[in-house]
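J.: Provided below are the primary sequence and the corresponding predicted coordinates.
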Amino acid sequence: MVNVAPSTVHVPVLASEVRSLAAVTPGQRWVDATLGFGGHTRALLADGAQVLGLDQDLEALSANAALVEAAQGRLSVKHTNFAEMAEPVQAWASGAVDGILADLGVSSWQLDQPARGFSFQADGPLDMRMDTTRGETALSLLQRSAPDVVARWLRELAEEPFAGPIARAACAWARGEGPHGTRGLAQTVVAALPRGYAAKLHHHPATRTFQALRLAVNAELEVLETLLDVAPKLLAPGGRLLIISFHSLEDRRVKETFAQLSGRRRPVAPRRGLPPPEAPEPEYALLTTKPVTASPLELETNPRSRSAKLRGLRRHAAEVASA
Ligand SMILES: C[S@@+](CC[C@H](N)C(=O)[O-])C[C@H]1O[C@@H](n2cnc3c(N)ncnc32)[C@H](O)[C@@H]1O
């Protein structure tokens with residue numbers, strides 16, 4: 001059990017924007033695919049929804065015990081990766097749902113726990129798993145992966161300009177004698193950089209390395225792709241899918257999938273000169289043509305909101321889809 005007051009540990013981003021795009025009506029069934037500390041779920045409940053809250057982090061789930069109790073049967077929680085949501089969602093709603101929300105990534109609380117290994121601000125084990133009941137830690141990944149593979153993660157997942165030297169140093173460090181804490185890895189990264197480079201940066205030189213490793217450990221882009229495949233099919237007619245992302249690689253996947261589902265992207269012609277194939281009538285419509293970003297006030301008060309992008313999709317109501 002996590003001994004914290006949930007509302008004090010993680011401030012939900014784009015809360016009022018989510019609320020207005022969700023447009024909940026009393027009795028609707030919503031899935032909060034990333035329950036975290038329940039910030040968005042509180043608003044869904046306040047607007048009268050019944051909520052199934054999913055999280056792959058057991059500590060986050062247990063921190064919502066009081067909220068579950070206060071919701072008096074309107075909030076159920078389930079430990080699962082949202083990539084595996086189809087079965088629990090169908091079991092909970094006996095069919096389709098009115099909305100699904102995903103607020104991707106880790107919470108401020110997770111980042112602040114040295115024991116979880118997400119951050120180098122304090123020393124902790126190099127773990128980085130959101131779900132500590134399964135999977136491989138960041139240390140284990142570094143120990144068994146080839147430096148070339150690690151360098152590719154650094155380049156592709158975090159645009160690290162010194163991916164090669166950092167990857168070689170990090171793999172050698174991980175395979176050497178311990179201790180193997182987050183601070184040790186951060187120091188290894190700094191030592192691998194050209195002299196004077198770190199002083200020119202506006203962020204800690206290990207920030208990109210930690211970001212890439214976290215995305216790799218939790219397969220965050222892969223599970224997002226599964227979510228984008230599964231979630232639209234779980235929506236009832238009129239149902240809404242809202243996704244908040246914090247990384248351009250995530251936002252691009254959300255944007256492209258939503259464009260395809262809503263018929264905004266033209267099908268590709270099979271051969272040059274031939275017309276594109278007839279596109280089926282789209283089953284979905286965009287709720288947002290551009291991503292919704294934080295207001296100046298939120299930017300000032302919640303630094304996490306800086307890179308947040310919210311996009312929404314709506315399944316057509318039954319009569320429109322069959323018209
Ligand atoms: C940014 S926080 C969500 C915060 C929440 N919206 C709130 O207001 O408190 C993301 C949460 O989603 C969880 N999470 C991230 N990826 C997940 C996944 N693939 N499946 C299930 N939970 C996930 C994390 O463990 C974390 O608790």
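T.: Looks like it arrived, so ask away. Given the structure is predicted, the values throughout are model-derived calculations rather than measurements.
J.: contacts, neighbours, all on C-alpha from now
T.: Fine.
J.: quick one: low-confidence ranges for the stretch 101-250 of the chain?
T.: The stretch 101-250 of the chain contains no residues with pLDDT under 70.
J.: what's the neighbour count on the residue in it that the ligand sits nearest to?
T.: With Cα to the nearest ligand atom, the shortest gap between the stretch 101-250 of the chain and the ligand falls at S107, namely 4.0 Å. Number of residues near S107 (other Cα atoms under 10 Å) recorded here: 20.
J.: show me where the stretch 1-150 of the chain has strands.
T.: Listed in chain order, the strands of the stretch 1-150 of the chain (DSSP state E, counting those that start in this stretch) span 29-32, 50-55, 75-79, 97-103.
J.: Would you give the sheet partners of the longest one, along with the direction of each?
T.: Read that as strand 97-103. Sheet pairing for strand 97-103, assigned by DSSP bridges, gives strand 29-32 (parallel), strand 235-245 (parallel).
J.: Most tightly packed of these?
T.: Mean neighbours per residue, mean count of other Cα atoms under 10 Å, is largest over the strands paired with strand 97-103 for strand 29-32, with a mean of 26.
J.: Reformat the strands paired with strand 97-103 as JSON lines; add distance to the ligand.
T.: Shown next, in JSON lines, are those (distance: least, Cα to the nearest ligand atom, whole Å):
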{"stretch": "strand 29-32", "distance to the ligand": "8"}
{"stretch": "strand 235-245", "distance to the ligand": "9"}
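J.: Close to the ligand: what parts of this structure are there?
T.: Counting by Cα under 6 Å from any ligand atom, the chain comes close to the ligand at 10, 12, 34-40, 54-57, 60, 80-82, 103-107, 130, 223.
J.: who touches the nearest residue to Q110 once chain neighbours are set aside in this structure?
T.: Of all residues not flanking Q110 in the chain, R116 sits nearest, at 6.8 Å (Cα to Cα, 6 or more residues apart in numbering). Under the criterion of Cα atoms under 8 Å, 6 or more residues apart in numbering, the neighbours of R116 are 110, 124-129.
J.: Now do R116 against R129, distance only.
T.: As judged by Cα to Cα, to the nearest Å, R116 and R129 stand 7 Å apart.
J.: Settle this for me: the residue of the stretch 101-250 of the chain closest to the ligand is touching H10, isn't it.
T.: Yes: between S107 and H10 a contact is recorded at 6.3 Å, counting by Cα atoms under 8 Å.
J.: one step back: quick one: buried ones out of the residues of the chain next to the ligand?
T.: 10, 12, 34-40, 54-57, 60, 80-82, 103-105, 107, 130 (16 or more other Cα atoms under 10 Å).
J.: Find the nearest non-adjacent residue to the most centrally placed residue in the chain, please.
T.: Centroid-nearest residue in the chain: L104, 1.8 Å away (criterion: Cα atoms, centre = their mean). Distance criterion Cα to Cα, 6+ apart; nearest residue to L104, sequence neighbours excluded, is S245 at 5.4 Å.
J.: Do you have the helices of the stretch 1-150 of the chain handy? List them.
T.: For the stretch 1-150 of the chain, applying DSSP state H, counting those that start in this stretch gives helices covering 6-9, 15-22, 39-46, 58-62, 65-70, 86-93, 108-112, 138-144, 147-158.
J.: for the stretch 151-300 of the chain, same thing?
T.: In the stretch 151-300 of the chain, the helices defined using DSSP H, counting those that start in this stretch lie at 163-175, 182-192, 197-200, 207-217, 220-230, 248-261, 296-301.
J.: could you dump those to TSV with distance to E281?
T.: As requested, those are arranged in TSV below (distance: least, Cα to Cα, whole Å):
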stretch	distance to E281
helix 163-175	45
helix 182-192	51
helix 197-200	52
helix 207-217	35
helix 220-230	18
helix 248-261	10
helix 296-301	38
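J.: right, so of these, which gets closest to A91?
T.: Checking the helices of the stretch 151-300 of the chain against A91 by Cα to Cα gives helix 220-230 as the closest, at 14.9 Å.
J.: Now do the closest one: distance to the chain's middle.
T.: With Cα atoms, centre = their mean, to the nearest Å as the basis, helix 220-230 stands 10 Å off its chain's centre.
J.: what does that helix contact?
T.: So helix 220-230 is in contact with 82-83, 86, 105, 215, 249-250, 253-254, 257, going by Cα under 8 Å, 6+ apart.
J.: try 6 Å
T.: A83 (Cα atoms under 6 Å, 6 or more residues apart in numbering).
J.: That one: which residues count as buried?
T.: Burial within helix 220-230, assessed by neighbour count using 16+ other Cα under 10 Å, is assigned to 224, 227-228, 230.
J.: What is the nearest of those to K309?
T.: Checking these against K309 by Cα to Cα gives L224 as the nearest, at 14.6 Å.
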